[in-house]
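>>> can't give you the sequence, but here's the structure:
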C-alpha cells in the first residue's frame, strides 16, 4: 500500500514538473516563428513554399489568439523575433 502511494506521489511530481517546463516564453515563441520563417525562406517555389507559409501563418494566428490580451508579452515576442529574423532568412 505504501509503495503504491509513493509511486502515485512520484508520478504526480513528474507530471507537475513536465507541465511547468513546457511554459512558453517570448524567446521560445520567437524561436519557433524564426524556425518556421526559415523554412519559408528555404523552400522551393510551389507547394513546399505554400505549405511552409501556411504553417507559419497558422502558428502566428494561434499565438495572436492565445496572447491577444497581453500586449506587453506580444511586444516582447516582437523584440525577440527581430533578433533572429535576419538569421532565419540567411542574412546574418
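On my side now, so go ahead. Computed from a predicted model, the values in this text were never measured in an experiment.
>>> how about residue 23, secondary structure?
coil (DSSP: H, G, I helix; E, B strand; the rest coil).
>>> give me the neighbour count for it.
Taking other Cβ atoms under 10 Å as the neighbour definition, residue 23 ends up with a count of 7. Where C-beta positions appear, they are placed from N, C-alpha and C, glycine not excepted.
>>> can you give me the pLDDT of it?
Predicted confidence (pLDDT) for residue 23: 85.
>>> so, low pLDDT: which residues of this structure?
Scanning the chain for pLDDT under 70 picks out 1-22, 92.
>>> centre-most residue in it?
Using Cα atoms, centre = their mean, the residue of the chain that lies closest to the mean C-alpha position is residue 29, 3.7 Å off.
>>> any residues touching whatever helix or strand it lives in, and which ones?
With secondary structure defined by DSSP states H and E, residue 29 is part of helix 26-42. Outside of helix 26-42, the residues within contact range by Cβ atoms under 8 Å, 6 or more residues apart in numbering are 49, 52-53, 55-56, 59-60, 63, 73, 76-77, 79-81, 83-85, 87-90.
>>> go again with 6 Å.
52-53, 55-56, 59, 63, 76-77, 80-81, 84, 88-89 (Cβ atoms under 6 Å, 6 or more residues apart in numbering).
>>> and stretch 80-90, by the same measure?
For stretch 80-90, the surrounding residues in contact (Cβ under 6 Å, 6+ apart) are 26, 27, 30, 33, 34, 37, 38, 41, 92.
>>> and if we set it to 10 Å?
Contacting residues not belonging to stretch 80-90 are listed as 25-31, 33-42, 91-92 [Cβ atoms under 10 Å, 6 or more residues apart in numbering].
>>> what comes up buried for it?
Within stretch 80-90, the residues scored as buried using 16 or more other Cβ atoms under 10 Å are 80, 81, 84, 85, 88.
>>> ok, the second one to residue 64 distance?
Just to be clear, that refers to residue 81. Taking Cβ to Cβ, to the nearest Å as the measure, residue 81 and residue 64 are separated by 13 Å.
>>> many thanks, I have nothing further to ask.
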